[in-house]
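Undergrad: structure for the following, please:
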Amino acid sequence: MLYRLCMVLLCNREDAEDAVQETFCSYLRAKPVFESGEHEKAWLIRVATNKSRDLRRSLFWRRRADLEEAEKVAQTPEERDLLEGLLRLPDKYKIVLHLHYIEGYKIKEIAQMTKMSENNVKVHLFRGRKLLKLELEEEKEGAR
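TA: Predicted coordinates:
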């Protein structure tokens, strides 16, 4: 799950692997105590998201969309188009769309994991779907 999240945020297998590895290193260093398995999962998601963002801010990271990686993950042309559209969205929309539609989390759970209000998560889902729809429509028109 963490790898898929980092993959959506970073668009590159190697960078996603680095972010996940750094997440587990942080886990081992911090040795946090959790109230439940869900609390632990939320902590890991938050740290993985932050590590991905840190990696994107680093001097050595250059923005790219590794479409070959998208082809490996997607099984059908429709899934590939959808994934490519998702990868082009801003992070704030990518994260909530990924957690909701791919990982299957409810809005309340996403709000707790991302430290956003439920209304803010709903807004990000709405706007993210709208942007994704526009991306896919533009891609269809460009293919004609």
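
Undergrad: how many residues are close by Ile110?
TA: Here the count is done by other CB atoms under 10 Å, and Ile110 has 25 residues near it. The C-beta positions use only the backbone N, C-alpha and C, and glycine is treated the same way.

Undergrad: my read: it touches Leu99, true?
TA: Yes - assessed by CB atoms under 8 Å, Ile110 is found in contact with Leu99 at 4.9 Å.

Undergrad: for stretch 118-138, which positions count as buried?
TA: Using 16 or more other CB atoms under 10 Å as the burial criterion, the residues of stretch 118-138 that qualify are Asn120, Val121, His124, Leu125, Arg127, Gly128, Arg129, Leu131, Leu132, Glu135, Leu136.

Undergrad: what about these, which are in strands?
TA: Judged by DSSP state E, these include no members of strands.

Undergrad: which of those lies closest to Glu40?
TA: For the buried residues of stretch 118-138, the residue nearest Glu40 by CB to CB is Val121; the value is 20.6 Å.

Undergrad: how much space between the closest one and Lys133?
TA: As defined by CB to CB, to the nearest Å, Val121 lies at a distance of 19 Å from Lys133.

Undergrad: pLDDT (mean, whole number) over the longest helix anywhere in the chain?
TA: As far as residue count goes, and with DSSP state H defining each element, the longest helix of the chain is helix 118-143. Averaging pLDDT along helix 118-143 gives 87.

Undergrad: now the buried residues of stretch 118-138 in CSV, with distance to Ala30?
TA: Formatted as CSV, those follow (distance: CB to CB, whole Å):
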residue, distance to Ala30
Asn120, 27
Val121, 26
His124, 28
Leu125, 30
Arg127, 33
Gly128, 31
Arg129, 35
Leu131, 35
Leu132, 35
Glu135, 37
Leu136, 40
